[in-house]
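Chemist: Here you go, sequence then predicted model.
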Amino acid sequence: MAVLTLPVSARRTGLGRSNLTIVASGTVLALAAVTAIAPNLLSHTDPLFADPTASLSAPSAAHWAGTDLQGRDVFSRIIHGARYSLSIGLGATLLALAAGLLLGVIAATAPRWADQIVSRAVDILAAFPEVLLALLFIALTGPGVVNLIVAIGIAGIPKYARLVRTQILATRQSGFVEQARTFGITGLRSLLRHVLPNALGSLPIIATIGLGEAIVSSAALSFLGLGPQPPNPEWGLMISESRDYLRHAWWLGVFPGAAVTVVVIAATVLGRTLQARYERRSS
């Protein structure tokens, strides 16, 4: 049977586009991170400063993204709000990643009864939509930044736990692990030296996609008033506060919504592109 291969020029073109996508999306995320870490580099206006005389002012040279009902600068609030939105998304992703990694390793390496317990617990969590599961947790613990991070993190555990378990089980059956066993490398030494490094290569990539999902969940729950509380600037909360003024002050919801959209798309595109490249190399 003939094997079809792409011409070298086509492969180079695809690789070039892939590199461009990675650079573009990575740059967006890097700028978002800088904004969250040092918001005063981009805005010197206090996001909580209210000027009643400038209430609901349209975008202008004085206020690039307009002002809200209290006369607060929307651009400044978006810039400072990045700290809340990105911190919640990153914190929830790291929590889900750490817990999922632990549960996945236990399920893949522990005795069968432990695997059954962990797998059933993960299945129960996975039976709920992530936002609904986070909503149920916050209903029990109350709103707030920490509770929001924990809620979204718990909701994201199943996808990481399942991935880790599946990858470890597949890697343990691979040829190089079997060969290592013939040299007496077994147990914990084999797990740490051969299995985990090869099984978890795609985990940071999946976490990049998960970051975008966590930011969306954060914005959705903050929109419902379950995250940071007023007058703190947070993108989902800002969108919520704009609901009654969209007809006369469109900028109140459009600009925070654009911030969420751009960051989430950048994280998702970066993750998907890296995932496709990883899968090509693995195959």
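Modeler: Thanks, I have it.
Chemist: Could you use CA atoms for every contact and neighbour count after this?
Modeler: Noted.
Chemist: show me what contacts the residue nearest in space to the middle of the chain?
Modeler: The centroid of the chain falls nearest to Leu211 when counting by Cα atoms, centre = their mean (0.7 Å). The contact partners of Leu211, taken as Cα atoms under 8 Å, 6 or more residues apart in numbering, are Gly89, Leu90, Thr93, Val264, Ala267.
Chemist: Give the full set of residues in contact with Ala82.
Modeler: So Ala82 contacts Ala32, Thr35, Ala36, Glu234, Trp235 (Cα under 8 Å, 6+ apart).
Chemist: Top of those residues by number of neighbours, please.
Modeler: When neighbours are taken as other Cα atoms under 10 Å, the top entry among the contacts of Ala82 is Trp235 (33 neighbours).
Chemist: wait, doesn't it sit right on Val254?
Modeler: No. At 10.6 Å, Trp235 does not count as touching Val254 under the criterion of Cα atoms under 8 Å.
Chemist: to the chain's geometric centre, what's the distance from stretch 85-100?
Modeler: Distance, stretch centre to chain centre, for stretch 85-100: 7 Å (Cα atoms, centre = their mean, to the nearest Å).
Chemist: Over to stretch 48-64?
Modeler: A distance of 32 Å separates the centroid of the chain from that of stretch 48-64, by Cα atoms, centre = their mean.
Chemist: How far does it stretch from one end to the other?
Modeler: One end of stretch 48-64 sits 16 Å from the other (Cα to Cα, to the nearest Å).
Chemist: Can you list the neighbours in contact with it?
Modeler: Under the contact criterion Cα under 8 Å, 6+ apart, stretch 48-64 has outside partners 65-75, 77, 231-232, 249, 251.
Chemist: Looking at these, which one is closest to Ser218?
Modeler: Distance to Ser218 across these (Cα to Cα) is lowest for Asn232, with 14.4 Å.
Chemist: Now do the helices in the stretch 151-283 of the chain.
Modeler: All helices of the stretch 151-283 of the chain, identified by DSSP state H, counting those that start in this stretch, fall at 157-172, 175-182, 187-190, 196-199, 203-223, 235-241, 251-282.
Chemist: and these as JSON lines, adding distance to Leu135?
Modeler: Listed next are the helices of the stretch 151-283 of the chain as JSON lines, based on distance: least, Cα to Cα, whole Å:
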{"stretch": "helix 157-172", "distance to Leu135": "15"}
{"stretch": "helix 175-182", "distance to Leu135": "43"}
{"stretch": "helix 187-190", "distance to Leu135": "39"}
{"stretch": "helix 196-199", "distance to Leu135": "32"}
{"stretch": "helix 203-223", "distance to Leu135": "7"}
{"stretch": "helix 235-241", "distance to Leu135": "15"}
{"stretch": "helix 251-282", "distance to Leu135": "20"}
